[in-house]
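Peer 1: attaching a predicted model along with its sequence, questions to come.
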Amino acid sequence: MTGKYLRIFFVCMALIVLSACKQDDKPALTASPAAISGEDECALDGMIVANYPGPKAQIQYRQKGRRDFFCETKELFHVYIEPGMEAKVAALYVQNTALIDWEKPVNSWIEAKGAFYVVGAGIDGSMGPTYAPFKSRDDAAPFIKKYGGDIMTFNEVIKLIGG
């Protein structure tokens, strides 16, 4: 009987050691947006993100240190709706249109899932019509008055594009 218990003990020890070696895929506790440098490329087309007008977007992945930037918010949505993507994402960020210069947007990041988006506005982003994110519905009102469009939540935009 001693041999049987000894084998069980070694199997248990091996499992403990293997579980300790497992790589941590959980998001960093300090998930936060990163500033765009003049060298950051769009994850979809390789364009230099800072060289184009309109609000930008970024995805921070659960895999530590991995992040993608996008020239415009539409691109973030199209990447996010890909099968299995939601499980890989730690955080999504977009620039608050109320606080940026449309031609040279810098910082002013907000969480994408809590933002309100003006869809169908008469102003183009880097690749044509884009979704203009705002922190609140009230912040979007002057933009809609000037450029038109309809306001939608994150989930409404996902449904609009077929996600």
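Peer 2: Alright, I've got the coordinates. Owing to the predicted nature of the structure, the values given are computational and were not obtained by experimental measurement.
Peer 1: next, the residue nearest the centre of the chain: secondary structure please.
Peer 2: Nearest to the geometric centre of the chain sits Leu92, at 2.5 Å (Cα atoms, centre = their mean). Following DSSP: H, G, I helix; E, B strand; the rest coil, we place Leu92 in the strand state.
Peer 1: let me know the pLDDT of it.
Peer 2: Per-residue pLDDT puts Leu92 at 97.
Peer 1: same question, the one 3 residues further on
Peer 2: The model reports Gln95 with a pLDDT of 98.
Peer 1: who does it bridge with?
Peer 2: Beta bridges link Gln95 to Trp109, judged by DSSP bridges.
Peer 1: the protein: helices as residue ranges?
Peer 2: 2-21, 73-80, 85-88, 137-147, 154-160 (DSSP state H).
Peer 1: if we can go back for a sec, list the contacts of the residue nearest to the centre of the chain.
Peer 2: 57-60, 76, 80, 111-113 (Cβ atoms under 8 Å, 6 or more residues apart in numbering). From N, CA and C alone the C-beta is placed, and that goes for glycine too.
Peer 1: filter these down to just the ones in strands.
Peer 2: 57-60, 111 (DSSP state E).
Peer 1: buried among those? Make that a ChimeraX selection.
Peer 2: One line in ChimeraX is enough to select the buried members of the ones in strands among the contacts of Leu92, burial here meaning 16 or more other Cβ atoms under 10 Å:
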select :57,58,59,60
